[in-house]
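Chemist: fold the following, please.
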Amino acid sequence: MDISASAAKSAHKPRWWQFSLRRMIIWVTLLGIALGWLGNELLRARRQRQIVETIQRLGGSARYDYDPIEIRGTRPHQRSRGRWLTELIGPDLFAHVSGVYFGENTNATDEDVKFVSELPRLKAVDLFGAGITDATIERLKNARHLRGLHLDDTLCTTVAVSRLPAAPSLEHFTLLGLTVNDANMPPLEVMKNLQSLNACSFSRSKGNLRALTDKGLVHIARLERLEALYLSGADITDDGLQQLRALHRLGGLTIDSPNVTDAGMEHLAALTKLTFLNFHKLNVGDAGVQCLANLRELNFLCLDDSSITDAAMKTIAQFPKLRVLHIARTAVTDEGLKSLESAPSLQRISVASSVTQEGLAALSKALPQCSIRGSDGTTEYNFP
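Modeler: Just a heads-up that it's a prediction; the model follows:
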């Protein structure tokens, strides 16, 4: 009886090579899913390769999400796959395009770049030329990871950009040229996470437009996370700078409006995180520089074409971290350079044409580590 029962049990014991119908269905299903995924990836890689070739044919360039080269708004990434495998079969199967760049000489149109709607992992897009309009911005609605957008001399508006799903997450936005004006500033308030804004009212075809005024700055001043602001070509005044006092995180500022005076500098005194001040052609003198004396983190200061004199150099010499100074086309003389001899952190200076060779030689001797250049910014003085 026991032998018979044991034999019966052994006869019904499943072997490892035996599969039940349920198990076979599960394995076939999993295999189908894997093959389907692989097929989709192969199709995606092929299409992405075609898009990259189109970008290159139009004179642009593309960046992958592993690429360590950074374009505007994209943080560099390290390669996560083997280089040999990427070089063997290409990057498109293992990586996604994260950046698309079209520069000054590309002149692409909306029709040329309609493929951007097929690149959902874009983090940075640079576009140039009047052939680019809001139609291209609309095609970026799938780019939900977009962090940087650079629009140079295009016909795109901030209204279209503000409607993108990624608009509240944008960190870097550049709007240059024809559409930089007061009317285009209100939609910027949607971009709550902006860290840098370049609103340059300058067109390569029409020059300085001066279409952005104090009225537009009211909306820019509401971007509380802003750390860098570039306003070249803006027609702003001291009252406009008063609006910027709310930007407590601001670390960099560029302006070139001759309507800004010493009074405007008083409004910047409270922005103690400023490290970069790029001022061109401001109507600012020694009193204005004195207003900046509390900016102890400053490491870059440009006062080209301003009204400063030797007296301002005494204040500038007190900035403990100042590394770069531009005072070209000012009234600074050898006497002012003597004050700078006590600025040991200074590493580069562009001087006024009113200084002499003797004054430059004395400064070079006191600050041997400092590179001294002429008012043209290119002539470099070397002293034994």
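
Chemist: can you pull the pLDDT of residue 180?
Modeler: Per-residue confidence (pLDDT) for residue 180: 88.

Chemist: contact partners for it?
Modeler: 199-201, 209, 211-212, 233-234 (CB atoms under 8 Å, 6 or more residues apart in numbering). For glycine as for every other residue, the C-beta is placed from the backbone atoms N, C-alpha and C.

Chemist: go again with 10 Å.
Modeler: Neighbour list for residue 180: 151, 158, 198-203, 209-212, 216, 231-234 [criterion: CB atoms under 10 Å, 6 or more residues apart in numbering].

Chemist: among the residues you listed, which are in helices?
Modeler: Among the contacts of residue 180, the members found in helices (DSSP state H) are 158, 216.

Chemist: give me the buried subset of the contacts of residue 180.
Modeler: Taking 16 or more other CB atoms under 10 Å as the criterion, what is buried in the contacts of residue 180 is 151, 158, 198-203, 209-212, 216, 231-234.

Chemist: what's near enough to touch residue 268?
Modeler: Residue 268 sits next to 241-242, 244-245, 250, 253, 255, 260, 274, 277, 288, 291-292, 294-295 when contact means CB under 10 Å, 6+ apart.

Chemist: at 8 Å what do you get?
Modeler: In this structure, residue 268 makes contact with 241, 244-245, 253, 274, 277, 291-292, 295, judged by CB under 8 Å, 6+ apart.

Chemist: kindly report the same for residue 280.
Modeler: By CB under 8 Å, 6+ apart, the neighbours of residue 280 are 232, 255-256, 302, 304-305.

Chemist: among those residues, name the buried ones.
Modeler: 232, 255-256, 302, 304-305.

Chemist: turn those into a markdown table, including secondary structure.
Modeler: As requested, those are exported to a markdown table (DSSP: H, G, I helix; E, B strand; the rest coil):
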| residue | secondary structure |
| --- | --- |
| 232 | coil |
| 255 | strand |
| 256 | coil |
| 302 | strand |
| 304 | strand |
| 305 | coil |
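
Chemist: what helix or strand does residue 349 sit in?
Modeler: Take DSSP states H and E as the rule and residue 349 turns out to sit in strand 348-350.

Chemist: do the same with residue 25
Modeler: With DSSP H and E as the criterion, the answer for residue 25 is helix 21-57.

Chemist: average pLDDT across that helix?
Modeler: Computed over helix 21-57, the mean pLDDT rounds to 78.

Chemist: output the contacting helices and strands for it.
Modeler: If you count contacts as 3 or more CB pairs under 8 Å, 6 or more residues apart in numbering; DSSP states H and E, helix 21-57 packs onto strand 61-64, strand 97-101.

Chemist: might you list the low-confidence residue ranges for this structure?
Modeler: 1-19, 35-36, 38-39, 41, 67-90, 92, 203-209, 376-379, 382-384 (pLDDT under 70).

Chemist: if I pick the residue nearest to residue 355 when sequence neighbours are not counted, what's in contact with it?
Modeler: If you skip the residues right next to it in sequence, residue 355 has residue 334 as its closest partner in space, 5.5 Å away by CB to CB, 6 or more residues apart in numbering. Shown in contact with residue 334 (CB under 8 Å, 6+ apart): 355-356, 358-359, 362.

Chemist: are any of those buried, and which?
Modeler: The neighbour-count criterion (16+ other CB under 10 Å) marks 355, 359, 362 among the contacts of residue 334 as buried.

Chemist: in helices, which of those appear?
Modeler: Helix and strand membership here follows DSSP H; of the buried ones among the contacts of residue 334, those in helices are 359, 362.

Chemist: now the buried ones among the contacts of residue 334 as JSON lines including distance to residue 321?
Modeler: Putting the buried ones among the contacts of residue 334 into JSON lines (distance: CB to CB, whole Å) gives the following:
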{"residue": "355", "distance to residue 321": "24"}
{"residue": "359", "distance to residue 321": "24"}
{"residue": "362", "distance to residue 321": "23"}
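
Chemist: follow-up on the earlier one: now do the strand holding residue 349: which elements does it pack against?
Modeler: Packing partners of strand 348-350 (3+ CB pairs under 8 Å, 6+ apart): strand 324-326, strand 371-373.

Chemist: contact partners of that strand?
Modeler: Residues contacting strand 348-350 (CB under 8 Å, 6+ apart): 304, 323-328, 340, 363, 370-375, 377.

Chemist: give me the buried subset of those residues.
Modeler: Buried members of the contacts of strand 348-350, counted by 16+ other CB under 10 Å: 304, 323-328, 340, 363, 370, 372-375.

Chemist: and residue 267, how many neighbours does it have?
Modeler: The tally of other residues near residue 267 (other CB atoms under 10 Å) stands at 18.

Chemist: repeat that for the one 3 residues further on.
Modeler: The criterion is other CB under 10 Å. On that basis, residue 270 has 14 neighbouring residues.

Chemist: residues contacting the residue lying closest to it once chain neighbours are set aside?
Modeler: Closest residue to residue 270 in three dimensions, ignoring its sequence neighbours and counting by CB to CB, 6+ apart: residue 245, at 5.7 Å. Contacts of residue 245 were listed using CB under 8 Å, 6+ apart, and they are 221, 267-268, 270-271.

Chemist: and the residues you listed, which is closest to residue 171?
Modeler: Nearest to residue 171 among the contacts of residue 245, counting by CB to CB, is residue 221 at 18.2 Å.

Chemist: just checking, the closest one touches residue 240?
Modeler: No. In this structure residue 221 lies outside contact range of residue 240 using CB atoms under 8 Å: 9.1 Å.

Chemist: between the two, tell me which one has more neighbours.
Modeler: For the pair residue 221 and residue 240, the greater number of neighbours falls to residue 240 (26 against 19), based on other CB under 10 Å.

Chemist: ok, the more buried one to residue 229 distance?
Modeler: Plainly put, residue 240 is 12 Å away from residue 229 if you go by CB to CB, to the nearest Å.
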